[in-house]
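Chemist: Build me a structure from this.
(2 chains, ligands or ions: 1)
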Amino acid sequence: MPYEPVIGLEVHAQLLTETKIFCSCSTQFGAEPNSHTCPVCMGMPGVLPVLNRKVVEYTMKMALATHCRINEACNFARKNYFYPDLPKGYQISQYAQPLSEHGYVDIELDGGKKRIGITRIHMEEDAGKLLHDEHLPSSYVDLNRTGVPLIEIVSEPDMRSTDEAVAYLKRLHEILVYLEICDGNMEEGSFRCDANVSLRPRGEMMFGTRTELKNMNSFRNVQRALDYEIKRQQYILESGQDVIQETRLWDDSKGETQSMRGKEEAHDYRYFPDPDLVPIVIDNAWTEEMKKSLPELPLEKRERFIRDYQIPPYDAGVLTSSRALAGYFEEVARLSGKPKIASNWVMGDVLRFLNEEKRDIKECPVLPGSLAEMIQLIEDGTISGKMAKDIIVEMYRTGKSPQAVIEEKGMIQITDEGTLEKTVAEVIAANPTQLAQYRGGKEKLFGYFVGQVMKATQGKANPQLINELLKEMLAKE
Amino acid sequence: MELHQLTIHELQKLIRSQGIASSDIVKSVFSRIDAVEGNVHAYITLMKEYAFAEAAKADKDVKEGILKPLTGIPIALKDILCTKGFLTTCGSHILHNYVPPYDATVVQKLREAGAVFTGKTNMDEFAMGSSTETSYFGITRNPWDLERIPGGSSGGSAAAVAADECIASIGSDTGGSIRQPAALCGVVGMKPTYGRVSRFGLIAFASSLDQIGPFTKDVEDCAIMMNAIAGYDPRESTSVPLNVPDYTEFISRGIGGWKVGIPKEYFIEGIHPDIEKAMQRAITTVEGLGATCVEISLPHTEYCLAVYYIIAPAEASSNLARYDGVKYGFRPQGSIDLLDMYKKTRSAGFGAEVKRRIMIGTYALSSGYYDAYYKKASQVRALIKRDFTEAFTLCDAILTPTSPTPAFKIGEKMDDPLQMYLSDIFTISTNLAGIPGISVPCGFTKDGLPIGAQFLAGHFEEGKLIQIASAFEKYANIEKRRPAL
Ligand SMILES: [Zn+2]
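Modeler: Coordinates of the predicted model:
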């Protein structure tokens, strides 16, 4: 029987606020354990939370970017459970009244576009971390991460394949990073994903029994874990057994999902509205303010690049993969007035250099102004495209302007007709045999003469001028 | 008269005009503590050395002409308020060794007002109780009759004021924990409006009900204490950014022309006959002051106790989850794993009443029961609040007994939680509605036990309470007595 997977994803994204959600401790990653803590985030007796307004605004941005409805009033709830990394014995989250609901994102697949529904986006606080000593029967608690703001983005069970799930995740990731509200670092846990997976016979409306997958810390692992789990469930169903509803952990080294049974009992979180926090009221003015602060989103930008700059969809996709790269390209395009040529240089040389060194566009030594200047130098014939290929290497290596590189290396193109005429005449005179053959109709030899002139001028001659002069002088006599 | 017997305003005058030193006052208070604390046991921790050092500083300030509202006045703090560097136990084994790294906002404000802290007072464990008998640190005795309880949960703070072991004190009130012990100990106790005094640093029992307030020897002192502790706190989200009036200005304004509501639901069977008589006299006094007493109705009164005993334990079950043995406080040795550590810590760390309420609260919030209990209780709570809103369209203040009975015998109700819960029947609705209330002495029973009258007013109308309570105090002609200790 052909089965169809049904996938829903829960994404936790760490927000890039400077301070925590309910206290003024720093959110910086990688500090000495428990150095970014205070009585509030350590859950000392008597402390109270005060909401960081930035967290609400960042969440509103994500909600608006994913077409969610922002609720006029929402509140925080306590999710009660015991664990040593949770100092209060409850997590402050949102439950019955989340900040936003009923949104969507569009994903692009080979077969076209698909719309994935977003059930809700809500705010919550992160928990701390446990460090286990392998040699001692004891564990340590690091509360630096406790109270770091998170948003949870819950999708509808709208995905029908692993590819769709990964495309959806990448889309969310791209939007979060574009909005500059999350750094998107999956290894450090700034962008985490849990998946709900079930199978049902194709054509069936009812969902099958689902499992929840955790511990997938890269796009590749999400892909592998989902593929594995779909196969596992298919095998179970095909052999006439039932899938058990449970949480399963992805084991990267073994390449399989494993049951968490026994490790985590079924929780009753006893949610109730947190009496220490007042309801958050969001009026139209605030929403409008946030709307205005939204940057152009990747999908819109991509479409604009294709339309306005007349560049192929693939190139537009690459150039809009980050806000910084798109900004870089647009600056070069604007300054040079040649978007298409700008796109070729950015996509080709600049990105290749950066990728080789795994550097970000923000660290690119070739400034947009320099690249634009170089493009203009090609356009006005000061340098040849061939020379430019060498010049940009130097520009990248030294961070210097094209003019500076050209002067240092004496790379100015020979555009003086008199000088070049002399060289062309010498080349013709030095090659009587080829001249005779050319004149006898072997016109392919034109290229040979071009090459000889280039060689004689060490590549500095303006190719267009060479062409003109050669044509003229070879035809003479 | 000894210095420890005086009020804040009397001592202020002595400090200002007659050169009485704070050190003398603190000395007098500690000699009184030495004399009676063995019988009363109002304190869990005494801060004697600190108090004398602070008094010396106050004396230096006075010499330099620096006079703050509470300069040099010895004040006791309920052991539920966090004090930086001083043991704060909340009356519980689980926090028996806990020293907070910060001061509660109220503690900070009192310090800034010049107060000198004498110590941390005894209380029911986590403020759960009406008799101060559930404290891990032993019982507190009522200064008026050492065989009786002082009320609770702020019994230590009430007894300390009544026994002159401090000049004034701070308590907290979740369902009557200031007003009921004030009545039973014959002192003045106020629970301000929810949001008027910052809860930051108050160890939470039931967050939507808890409020900090003062115990004083008279109403004027209550106004002085309120001036020091009231006000918006950016560290507390439920604190309200409203201007605080000077409460002392409400003293001796009179209540001519006021309407005072007498809720018919509060004059029920089971009220001690002497309290009933005292209430009749109180009504006469209020009318003698030029006010009219009108019968009003608070129709949802009968549900108050039930609603309270869902909401308070539900919030407590979550608030007390942090006492898990991981970070601070009590943790027994020899746990085999994490779950075992949790179980041993909480089984041995909490007393019976606390465990009872954690279980009730956990049950009320459980999936499948939430709607029937917590949600329903929240809905009825809104109706109780509305009762008061409507009542205050008909009257300026409400007068009720503070407690249905005077101080009862030690151990009398310990085995009967329901009887114990009934002690707060007249005070609980105030917390559910979030309005302010004050208990003032209004006489004695035939056996010589103090009786309290409770006045209630609308949200943020503490000034009105000071106004009516001070007028009542002045004209009620209550016999001046001191406990025979
Ligand atoms: Zn903190």
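
Chemist: any idea how far B:M128 lies from B:K78?
Modeler: Applying C-beta to C-beta, to the nearest Å, one obtains 13 Å for the distance of B:M128 from B:K78. (Glycine included, C-beta is placed from N, CA and C.)

Chemist: and what of B:C185?
Modeler: Distance, B:C185 to B:K78, using C-beta to C-beta: 14 Å.

Chemist: In space, what's closest to B:A314 - neighbours in sequence excluded?
Modeler: Nearest residue to B:A314 in three dimensions, chain neighbours excluded: B:G361, at 4.3 Å (C-beta to C-beta, 6 or more residues apart in numbering or on different chains).

Chemist: tell me what the helix or strand harbouring the one you found is packed against?
Modeler: For B:G361, the element it lies in under DSSP states H and E is helix B:352-365. Under the contact criterion of 3 or more C-beta pairs under 8 Å, 6 or more residues apart in numbering or on different chains; DSSP states H and E, helix B:352-365 touches helix B:304-319.

Chemist: Mind checking what helix or strand follows the helix it packs on in sequence?
Modeler: As assigned by DSSP H and E, the chain's next helix or strand after helix B:304-319 is helix B:338-349.

Chemist: on that earlier part again, neighbour count for B:C185 and B:K78, which is higher?
Modeler: Taking neighbours as other C-beta atoms under 10 Å in any protein chain shown, B:C185 and B:K78 compare with B:C185 leading, 34 against 31.

Chemist: What distance do you get for the closest residue to chain A within the stretch 1-150 of chain B to A:C68?
Modeler: At 4.5 Å from chain A, B:C82 is the closest residue in the stretch 1-150 of chain B, using C-beta to the nearest C-beta. Per C-beta to C-beta, B:C82 is found 40 Å from A:C68.

Chemist: Same question for B:A228.
Modeler: Separation of B:A228 from A:C68 (C-beta to C-beta): 47 Å.

Chemist: can you tell me which residue is nearest the centre of the chain?
Modeler: No chain in the question, so chain A it is. For chain A, A:E174 is the residue whose C-alpha lies nearest the centre (C-alpha atoms, centre = their mean; 4.6 Å).

Chemist: nope, chain B please
Modeler: B:I178 (2.1 Å).

Chemist: From B:M123, how far out is that residue?
Modeler: Here B:I178 is placed at a distance of 11 Å from B:M123 (C-beta to C-beta).

Chemist: who touches both of the two?
Modeler: B:154, B:157 (C-beta atoms under 8 Å, 6 or more residues apart in numbering or on different chains).

Chemist: Double-check A:D276 against B:A206; I have them as touching.
Modeler: No. Taking contacts as C-beta atoms under 8 Å, A:D276 lies outside contact range of B:A206: 11.1 Å.

Chemist: By mean pLDDT, which helix or strand of chain B comes out lowest?
Modeler: Least confident element among the helices and strands of chain B, by mean pLDDT, DSSP states H and E: helix B:417-421 (a mean of 80).

Chemist: returning to that earlier point: can you check the pLDDT for the residue nearest to B:A314?
Modeler: In this model, B:G361 is scored at 97, pLDDT.

Chemist: just A:N462 next, same as before
Modeler: 74.

Chemist: Might one say that it is in contact with A:S384?
Modeler: Yes. A:N462 lies in contact with A:S384 (C-beta under 8 Å); the separation is 6.7 Å.

Chemist: which residues touch the closest residue in space to A:N217 that isn't next to it in sequence?
Modeler: In space, and not counting its chain neighbours, A:N217 is closest to A:M186: 5.3 Å by C-beta to C-beta, 6+ apart. Counting by C-beta under 8 Å, 6+ apart, A:M186 touches A:192, A:217-219.

Chemist: what do you get if the cut-off is 10 Å, keeping everything else the same?
Modeler: By C-beta atoms under 10 Å, 6 or more residues apart in numbering or on different chains, the contact set of A:M186 is A:169, A:173, A:192-193, A:216-222.

Chemist: Chain B versus that one, what's the distance?
Modeler: Using C-beta to the nearest C-beta, to the nearest Å, A:M186 is found at 29 Å from chain B.

Chemist: so the residue of the stretch 1-150 of chain B closest to chain A touches B:S172, yeah?
Modeler: No. B:C82 lies out of contact with B:S172 (C-beta atoms under 10 Å); the separation is 12.0 Å.

Chemist: Next, show the common contact partners of those two.
Modeler: Common neighbours of B:C82 and B:S172, counting by C-beta under 10 Å, 6+ apart, are B:106, B:202-203.
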